[in-house]
Each structure stands twice: as C-alpha cells, then as structure tokens.
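Peer 1: Give the three-dimensional model of this entry:
(one chain, ligands or ions: 2)
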Amino acid sequence: MSDYRAVALSVLLAGLSCSLSLPVQAAKQAKQQDAKQDAKQQAGAVRAAQFATMRAQFLKEFWQQDPESAMAAGRFELGAKLSLPDEAGRNAYLRFCERWLATLAKVAADQLTANDQTDLALIRNTLEANRWYLQTYREFAWNPSQHNVAGGFDNLLNTDFAPKEHRLRLISERLKAVPAYYQAAQQSIDQPTLEHTQLALAQMAGTRAVFAQIQQEAQTSSLNKAEKAELQIRLQSAGKALDGYAAFLQALIAHPPAQGWRSFRIGSDLYAAKFKADIQSPLSAQEMYQKALAAKAESHQRMAELADQLWPRVMGEVARPADATQRIKLVIDKLSEQHVQPDQLFAEIRRQLPQLEAWIQQHDLLSLDTRKPLVVRETPEYERGVSVASIEAPGIFRPHDKTYYNVTPLTGQSAEQIESTLREYNHWVLQILNIHEAIPGHYTQLQHANQSPSVIKALFGNGAMIEGWAVYSERMMLESGYGGNTPEMWLMYYKWNLRAICNTILDYQVHVMGMSEQEAKRFLTQEAFQTQAEADGKWKRVQYTSVQLTSYFSGYADIMALREELKQQRGTQFRLKPFHEQFLSYGSAPVGMIRQLMLKP
Ligand code: ZN
Ligand code: ZN
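Peer 2: Residues are numbered from 1 along each chain as shown. Ligands and ions are numbered 1, 2, ... in the order given. Take a look at the predicted model:
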C-alpha cells in the first residue's frame with residue numbers, strides 16, 4: 001500500500017469513529033425523537049458507506065497481492081502477472097496482512113450491521129490464517145506440489161472471459177515468469193516430505209498437458225506470426241523450467257536430505273492451530289474428535305438394526321454371525337453388487353441430476369436456478385489423484401459460467417480397482433454422491449453463495465460450512481423420502497455418513513496420534529465398511545492433506561445443531577424451505593456466524 005492510501009484510510013477511520021457518537025440534545029419531545037431517528041439512520045448509513053469503502057479498498061489491494069485468487073474469483077485484469085513463490089513475495093504478503101489487521105482493529109465492530117460485522121470477521125480470520133500459514137505452517141518449504149503453475153494457465157485458457165486471442169496474449173505474458181517461478185520454488189524447498197515430493201512429480205504430467213493445450217490453441221488462433229513465434233519460445237522455456245524442477249525433485253529422492261525427510265504427520269500443535277484457523281468451530285480439534293467417536297458408536301448401532309431388518313431379504317438362509325459388525329459388513333457387501341457397468345457411470349450421473357431437481361421442486365425444499373449450466377466431465381488430469389468427484393464452480397464475478405462436476409474416469413485402472421470403486425459407488429451411494437456434489441449439495445449451495453450480496457462471504461468461504469451443507473443435504477433429502485425411505489437406502493446412507501465421521505477420526509489419529517498405514521486401512525475397511533480402493537485412496541489423501549478431512553463432519557454437526565435450535569425457538573412456525581433459503585443467503589460464512597445471524601429475533 002502506498003502512503004497515499006494509508007492517509008486516505010486513516011481519514012476514513014477518523015470519520016468512522018466520529019459518526020458513532022451521536023450528540024444528545026435537549027429539545028421538545030416529539031421533535032427530538034424524530035431528529036434522533038433521522039440522525040441514527042443517517043449515522044448508520046454513513047457507517048455502512050464508510051465500511052463499504054474500506055472493504056473495496058481492501059479487496060483492491062488483495063487482488064494485487066494475490067492475482068491467482070482474483071482469477072479464481074473470475075477477475076482476470078492481472079492475469080498476465082504470475083506471483084513468484086519467493087521470499088520477497090512472502091514478506092510483502094505478510095506486511096499486507098499486518099497492515100490490514102492493524103487497520104481493521106480500529107473499526108468499532110459492534111456499531112456495524114450484522115452483515116458487515118461478519119464481513120469484517122471473515123476478512124480478519126483470513127488475514128490471521130494467512131499470516132499463520134506463512135510464518136508458522138510454512139508449507140511452501142516442505143510441500144513441493146504447492147508449486148505448480150497449471151491452475152492459472154488453465155483458468156486463462158478455459159474461461160471464456162475475453163476473445164481467445166486476448167487470453168493467449170495474457171498467457172504469453174504470464175509464461176515469461178515461469179522460469180523464475182520454478183527457480184524460486186526450488187530455493188523455497190527445505191526438508192520436504194517424501195510423499196509431497198512424489199505427488200509434485202506425479203502432477204507434472206498434468207502441467208505438461210496444459211502447456212500442450214496452449215500450444216495447440218495458439219496454432220489455430222489468429223495471433224500473428226511474430227506473436228505465435230514468441231509464444232512458442234516462451235512455452236519452450238517454461239517446459240525446460242518444469243524439467244529443471246522435476247530433475248531437482250528426482251535428485252532429492254535419489255539423495256534424500258541429510259536430516260531425513262520431514263514427516264507428513266503435522267503433529268498435535270500445528271493440528272490444533274490449523275483446525276482453529278480453517279474450521280472455525282466453537283469446538284477444539286480434540287473436542288470434535290471426541291464428538292466423532294460418539295457419532296461413530298451411534299451409527300454402528302443404527303446400522304446393526306437395519307442390517308438385522310434386511311437380513312432375511314438380502315442374505316436368505318446364510319447363518320448370522322454373532323458379531324454385529326460382521327452382519328453389517330455382509331449385508332453391505334451383498335447390496336454393493338448392485339452397481340452400474342463401468343461404461344455407464346457418466347451416463348447414470350447425467351440421468352439422475354434432473355430427477356433430483358424435480359424432487360426438490362415437488363417437495364418445496366429449496367429454490368433452484370435451473371438455468372445455470374452444470375457440466376459432468378472427466379476430472380482434468382492435473383487435478384487428479386486427490387478425490388473421486390468434485391465440483392468446480394465459477395468465481396463470484398463469473399456467475400454465468402459453467403459449473404463442472406468432475407468425476408475421475410475409470411480408464412487406465414485395473415479391472416479389480418474398477419470393480420472396487422463401482423461397488424463403493426453402488427446403486428444407492430451413487431445417488432447420495434450426486435446429492436452431495438450437485439443437487440442440492442455443492443452446486444446448489446455455491447449458486448446461492450454467488451447470489452449473496454457479500455463478495456467477502458463468497459470469496460473467503462468457510463470449508464466446513466461448504467462441506468457441512470453438502471453432508472447436511474444428504475440427510476435432508478433422505479428425510480424428505482428421496483430413495484423411497486427403504487432400509488437399503490438408510491443403511492447405505494449411514495455407511496456414507498460414517499465416512500464423514502471416520503474422516504474426522506482418521507485425520508486426527510494419523511496426524512496427531514501417529515496411526516500407521518496398516519492401522520488406518522484396517523480402521524477404514526473394518527469399522528467404516530469401506531472397500532480396499534476407497535481405503536487406499538483415503539490413505540493417500542490423509543498424507544497429502546490435514547484438517548480438510550474433518551470439515552465434513554464438523555460443518556454437518558453444527559448445521560444439525562442449528563436446525564434443532566431454530567425448531568425449538570420457532571416451534572410450529574418452523575419451515576424447512578425458509579430455513580434453507582436463509583441459511584444459504586449469507587454466502588459461505590462459517591456456520592457459527594450464520595447461527596448468530598439466524599437466531600436474532
Ligand atoms: Zn460388480
Ligand atoms: Zn463435498
């Protein structure tokens with residue numbers, strides 16, 4: 001921030017604090033009341049306008065600091081600028097956080113509207129979290145896969161915000177910094193983990209695919225000869241820089257760091273702090289872990305009842321084992337035989353989406369904007385390897401863009417792996433997956449978030465709220481009767497929900513308590529009833545990420561608690577649709593903040 005801006009802001013703050021103390025004058029009663037009302041309204045309007053100005057200024061500087069976030073949100077003005085992962089850049093970002101935290105500390109939050117208060121809190125949370133990430137967590141030093149240029153180029157290439165030639169010129173400009181980028185990345189690495197080093201190498205194929213696509217698009221564009229030649233040279237340099245980074249990482253694997261690899265387990269202290277920064281739950285990481293253990297016991301109990309109810313129909317004459325876990329497992333195994341054929345996976349997903357929309361409309365659960373396109377596609381190669389399915393939504397400034405429902409294709413996997421995956425996403429679970437990822441889960445929630453008047457809430461969305469809503473929507477749909485209220489559907493639901501619960505338990509036990517690979521896989525297959533393919537994938541994910549796996553259960557538990565509280569407060573007045581509409585209207589704010597706003601009488 002320049003000095004000019006600093007001055008402008010302090011003036012703004014002085015104005016803000018002045019307007020907060022209203023002069024009380026002795027005058028005639030009625031007139032005084034009117035005048036007071038007017039003054040109060042005026043002061044409120046002034047405060048709102050001042051906060052809006054401050055927020056706009058913050059965002060303007062935030063885009064400058066982080067052009068990649070700007071692009072992800074749909075703003076491409078700074079697309080030509082590739083941020084370097086170097087010390088100077090990190091220090092500049094830290095100064096930016098410090099300066100704004102100091103500025104925001106002077107705002108009298110309790111004088112703002114509820115909506116502005118949550119915006120303020122979200123900005124502060126984000127700045128504090130980013131400062132912690134840079135100063136304490138320091139992932140840039142130990143996670144080589146964090147340094148990857150593919151995302152920004154893919155955004156520029158595949159978002160239709162301007163004519164192709166304009167986008168290619170931005171790409172060409174951006175390519176210039178790629179050699180410096182990978183140089184800085186290499187210098188940042190200090191005792192990485194072996195797992196993230198291998199992940200970085202595996203994901204490079206995807207980055208190369210993006211470079212190849214740029215080359216292809218450039219050839220068929222109307223760029224002039226000189227522009228094409230220039231782009232070609234820059235692409236070659238970028239490719240070489242990527243090769244250099246690959247060679248550096250391969251050399252590390254051949255000759256591991258003298259002090260050994262860093263453990264991918266982040267340990268108790270970092271875990272507690274990261275949970276606090278990312279999840280923003282009133283509970284601590286340890287308390288949430290305890291809550292998940294209790295939820296697991298309860299699910300096992302319900303599942304045992306359902307399995308016993310289903311036994312004669314599903315298992316026939318087979319003798320019942322004495323152990324309830326064994327009975328549950330056998331019924332689930334038998335039911336899992338009902339799944340789509342490998343070549344029908346994408347077709348079946350596409351077939352179900354309109355059915356989900358129709359159900360929600362017929363049962364008046366939520367409003368849907370069916371004009372916004374949802375495209376089911378194969379997960380782009382460079383994003384593969386973390387989860388089976390995901391939603392990729394347009395940024396808040398690009399509300400008319402397509403939303404992608406990414407599904408990792410089965411091609412290239414062994415027959416055994418494919419069968420295992422399809423059994424996991426069997427007839428019932430595939431329906432729940434579609435609810436979770438698409439309607440009324442992530443796709444619907446993000447649509448509502450993009451209609452939210454708050455750019456801040458859409459931008460600094462809370463992961464636990466987002467995942468919590470998707471998990472909540474599964475339960476809500478089943479409660480409304482989707483899937484026919486059959487014991488099969490509920491048994492599979494509990495198995496699926498148990499996955500969210502066990503994600504929380506697994507993450508904590510692996511990162512804090514040192515659970516081994518063998519123990520983790522036994523836990524997932526035996527106590528969460530997962531297939532081997534699912535357990536193998538989850539083990540990879542828990543090595544590459546931390547805390548993220550807890551967001552599903554944390555958010556879900558908080559939303560269920562809020563719904564219960566509102567039912568108590570409103571009694572017979574409580575209606576599901578207005579609850580959903582209001583809940584989603586605050587953007588992706590943390591559930592705790594939404595709770596405060598919704599419980600206001
Ligand atoms: Zn099969
Ligand atoms: Zn999700």
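Peer 1: show me what contacts the closest residue to P409 other than its chain neighbours?
Peer 2: Excluding its sequence neighbours, the residue lying closest to P409 (Cβ to Cβ, 6 or more residues apart in numbering) is E378, at 4.6 Å. Yep, even glycine has a C-beta here, placed from its N, CA and C like the rest. Applying Cβ atoms under 8 Å, 6 or more residues apart in numbering to E378 gives the contacts N406, V407, T408, P409.
Peer 1: SS state for the first one?
Peer 2: Of the three states, N406 takes strand according to DSSP: H, G, I helix; E, B strand; the rest coil.
Peer 1: so what's it up against?
Peer 2: The contact partners of N406, by Cβ under 8 Å, 6+ apart, come to R377, E378, T379, P380, E383, A389, S390, I391, E392.
Peer 1: So the first one lies in a strand, does it not?
Peer 2: Yes. When classified by three-state DSSP, R377 is found to be part of a strand.
Peer 1: How about it: which residues does it bridge to?
Peer 2: Per DSSP bridges, the residues bridged to R377 are N406.
Peer 1: what does the model give it for pLDDT?
Peer 2: On pLDDT, R377 comes in at 92.
Peer 1: Kindly report the same for V11.
Peer 2: 26.
Peer 1: any idea how far ligand 2 is from the residue nearest to P409?
Peer 2: Relative to ligand 2, E378 is positioned 18 Å away (Cβ to the ion, to the nearest Å).
Peer 1: of the contacts of N406, buried ones?
Peer 2: T379, P380, E383, A389, I391, E392 (16 or more other Cβ atoms under 10 Å).
Peer 1: just those residues: which has the poorest pLDDT?
Peer 2: The member of those with the lowest pLDDT is E383, at 69.
Peer 1: what does this protein have sitting close to ligand 2?
Peer 2: Proximity of the chain to ligand 2 (Cβ under 5 Å from the ion) is limited to residues E467, A470.
Peer 1: which residue is nearest the centroid of the chain?
Peer 2: What sits nearest the mean C-alpha location of the chain, by Cα atoms, centre = their mean, is G463, with 4.7 Å.
Peer 1: Quick check: phi and psi at that residue.
Peer 2: For G463, the backbone dihedrals (degrees, to the nearest 10) come out as phi -60, psi -40.
Peer 1: what's the answer for A389, then?
Peer 2: phi -140, psi 150.
Peer 1: Thought Y404 was touching it, still the case?
Peer 2: No. Contact criterion Cβ atoms under 8 Å: A389 and Y404 do not qualify, at 10.8 Å.
Peer 1: Now do the helices in the stretch 101-250 of the chain.
Peer 2: 114-132, 139-142, 150-158, 164-175, 178-188, 194-219, 225-254 (DSSP state H, counting those that start in this stretch).
Peer 1: Can I get the ones you listed in a markdown table including mean neighbour count and mean pLDDT?
Peer 2: Formatted as a markdown table, the helices of the stretch 101-250 of the chain follow (neighbours: other Cβ atoms under 10 Å; pLDDT from 0 to 100):
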| stretch | mean neighbour count | mean pLDDT |
| --- | --- | --- |
| helix 114-132 | 19 | 90 |
| helix 139-142 | 18 | 97 |
| helix 150-158 | 19 | 93 |
| helix 164-175 | 20 | 97 |
| helix 178-188 | 20 | 98 |
| helix 194-219 | 18 | 96 |
| helix 225-254 | 15 | 98 |
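Peer 1: For L478, which of the ones you listed is the nearest?
Peer 2: Distance to L478, taken as Cβ to Cβ, is lowest for helix 114-132 among the helices of the stretch 101-250 of the chain, at 30.7 Å.
Peer 1: Check the offset of that closest one from the chain's centre.
Peer 2: Mean-position distance between helix 114-132 and its chain equals 17 Å (Cα atoms, centre = their mean, to the nearest Å).
Peer 1: ditto for stretch 478-498
Peer 2: The answer for stretch 478-498 is 25 Å, by Cα atoms, centre = their mean.
Peer 1: any idea of the mean pLDDT in that stretch?
Peer 2: Mean pLDDT, computed over stretch 478-498, is 97.
Peer 1: Using CSV, list the CA coordinates for it.
Peer 2: The C-alpha coordinates for stretch 478-498 follow below in CSV (Å, rounded to 0.1, in the frame of the first residue of the first chain):
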residue,chain,number,x,y,z
LEU,A,478,-33.5,-38.8,2.7
GLU,A,479,-35.7,-37.4,5.4
SER,A,480,-37.9,-36.0,2.7
GLY,A,481,-38.3,-39.5,1.3
TYR,A,482,-35.9,-39.4,-1.6
GLY,A,483,-34.8,-43.0,-2.3
GLY,A,484,-38.1,-44.4,-1.0
ASN,A,485,-37.3,-44.5,2.7
THR,A,486,-36.1,-48.1,2.3
PRO,A,487,-33.8,-49.8,4.8
GLU,A,488,-31.3,-50.4,2.0
MET,A,489,-31.1,-46.6,1.3
TRP,A,490,-30.8,-45.8,5.0
LEU,A,491,-28.2,-48.5,5.6
MET,A,492,-26.1,-47.1,2.7
TYR,A,493,-26.7,-43.6,4.0
TYR,A,494,-25.3,-44.5,7.4
LYS,A,495,-22.3,-46.1,5.8
TRP,A,496,-21.7,-43.0,3.7
ASN,A,497,-22.3,-40.7,6.7
LEU,A,498,-19.9,-42.9,8.6
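Peer 1: Next, the residues that contact it from outside, please.
Peer 2: With contacts defined as Cβ under 8 Å, 6+ apart, stretch 478-498 is touched by 296, 299-300, 302-303, 306-307, 309-310, 328, 331-332, 335, 356, 359, 363, 365, 426, 428-429, 431-432, 435, 471, 474-475, 477, 528-529.
Peer 1: Now, these that are in strands?
Peer 2: Residues of the contacts of stretch 478-498 located in strands (DSSP state E): none.
Peer 1: List only buried entries from the residues you listed.
Peer 2: By 16+ other Cβ under 10 Å, these give 296, 299-300, 302-303, 306-307, 310, 328, 331-332, 335, 356, 359, 365, 426, 428-429, 431-432, 435, 471, 474-475, 477, 528-529 as buried.
Peer 1: Tell me which entries of these lie within helices.
Peer 2: The members of those that map onto helices under DSSP state H are 296, 299-300, 302-303, 306-307, 310, 328, 331-332, 335, 356, 359, 428-429, 431-432, 435, 471, 474-475, 477.
Peer 1: Would you pull up the residue in the stretch 501-601 of the chain closest to ligand 2?
Peer 2: Per Cβ to the ion, Y552 is where the stretch 501-601 of the chain lies closest to ligand 2, at 6.8 Å.
Peer 1: same check, this time on the stretch 1-150 of the chain
Peer 2: A72 (17.5 Å).
Peer 1: Look up how far ligand 2 lies from the residue lying closest to that residue once chain neighbours are set aside.
Peer 2: Excluding the flanking residues, the one nearest A72 by Cβ to Cβ, 6+ apart is G395, at 5.7 Å. From G395 over to ligand 2 the distance is 18 Å, taken as Cβ to the ion.
Peer 1: Out of the contacts of N406, flag the one nearest to A319.
Peer 2: Of the contacts of N406, the one sitting nearest to A319 (Cβ to Cβ) turns out to be A389, at 37.5 Å.
Peer 1: ok, now which ones touch the closest one?
Peer 2: Y405, N406, V407, T408, L433, E437 are the contacts of A389 under Cβ under 8 Å, 6+ apart.
Peer 1: Contacts only, for Y137.
Peer 2: Contacts of Y137 (Cβ under 8 Å, 6+ apart): L270, A273, K274.
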